[in-house]
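Quick one: sequence and predicted model below, then my questions.
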Amino acid sequence: MCRNIKTLFNFEPSATEEEIHASALQFVRKLSGFNKPSQANEAAFDRAVAEVSEAARKLLTSLHTHAPARDREVEAEKAKERSRLRFG
């Protein structure tokens, strides 16, 4: 699993287009094995990022939950604390 892909659902405020795009880019990079594709593969790579972004956007807007929305700052602090405990 890509460790750089973050959960985007159930946050207030909701995920931005930039966050969705960054998530899609990381996913396509992982699948393709390319950090930056060659010119020959650039169109296919960019198309895949756009399609994954659209699928992610549709998913995020169609999901429902009864749980209260999470706060980004609180979740970021929890992640930092887990990192401190894990890596010292």
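Ah, there it is.

Need the residue closest to the centroid of this protein.
For the chain, S23 is the residue whose C-alpha lies nearest the centre (Cα atoms, centre = their mean; 2.8 Å).

Surely that one is in contact with K6?
Yes - judged on Cβ atoms under 8 Å, S23 makes contact with K6 at a distance of 6.9 Å. The C-beta positions use only the backbone N, C-alpha and C, and glycine is treated the same way.

hmm, back to that, could you pull up the residues touching the nearest residue to the residue nearest to the centre of the chain once chain neighbours are set aside?
Spatially, and ignoring its direct neighbours in sequence, S23 is nearest to I5 (5.2 Å; Cβ to Cβ, 6 or more residues apart in numbering). By Cβ atoms under 8 Å, 6 or more residues apart in numbering, the residues touching I5 are S23, Q26, F27.

how much space between the first one and H66?
If I follow you right, that is S23. Distance, S23 to H66, by Cβ to Cβ, to the nearest Å: 24 Å.
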